[in-house]
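J.: from the sequence below, what's the structure:
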Amino acid sequence: MSDWKPPKFGTPVWMAIPAEDVSRASKFYKDVFDFDYKPSRPEYPEATYRMFDLQPKGLSLSGGIEKVPNGAGILKTGGGGICLHWFVEDVEKSGKAIEEAGGAMLSPAEKEGDHGLYRFFKDTEGNVGSIYQMVASC
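T.: All right, here's what the predicted structure looks like:
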């Protein structure tokens, strides 16, 4: 019997990152955020889905990079959906890593109150996210 207990209702438990090129997107998230991927399974071939697990990073959230359009025809790439905000040590260094991995920075560093900086970026698939850095005082 597994020791797994379901989380509290309303807890995010999965995220799907839409990708037209799963291999390209997988490399981007590995290069920028050090994603580790699970081995492929027959029902999820690597060309259509790359599963990752963020639990080793201390977050009880898993997900995958999913080929679009998906079976339901709902997911697509590009901005306008949920925006993930990634915690990083330094927004400028991470911004360079994003560009080197084929993404693009969309904004300069902006203050978030007195305790943080953030920058928006676009990944290799056109999805928009942000990187967030805590600072002692902006």
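J.: can you map out the helices along the chain?
T.: 22-33, 91-100 (DSSP state H).
J.: from the chain's centroid, how far away is stretch 82-100?
T.: 10 Å (Cα atoms, centre = their mean, to the nearest Å).
J.: tell me the most buried of the helices of the chain?
T.: Among these, helix 22-33 has the highest mean neighbour count (mean count of other Cβ atoms under 10 Å), at a mean of 19. Where you see a C-beta, it was placed from the backbone N, CA and C, and this is true even at glycine.
J.: could you list the buried residues of the worst-scoring helix or strand of the chain on mean pLDDT?
T.: The weakest-scoring helix or strand in the chain, judged by mean pLDDT, DSSP states H and E, is strand 62-67 (a mean of 82). Within strand 62-67, the residues scored as buried using 16 or more other Cβ atoms under 10 Å are 63-67.
J.: touching stretch 33-46 from outside, list them.
T.: Identification of contacts with stretch 33-46 by Cβ atoms under 8 Å, 6 or more residues apart in numbering yields 22-23, 26, 29-30, 49-53, 56, 64, 86.
J.: show me where this structure has strands.
T.: Assigned by DSSP state E, the strands in the chain fall at 14-19, 49-53, 62-67, 84-87, 104-105, 110-112, 116-122, 128-134.
J.: just give me the closest of the contacts of stretch 33-46 to residue 125.
T.: residue 22 (9.2 Å; Cβ to Cβ).
J.: re earlier: let's have the strands of the chain in TSV, adding distance to residue 98.
T.: Formatted as TSV, the strands of the chain follow (distance: least, Cβ to Cβ, whole Å):
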stretch	distance to residue 98
strand 14-19	14
strand 49-53	18
strand 62-67	16
strand 84-87	10
strand 104-105	6
strand 110-112	16
strand 116-122	5
strand 128-134	7
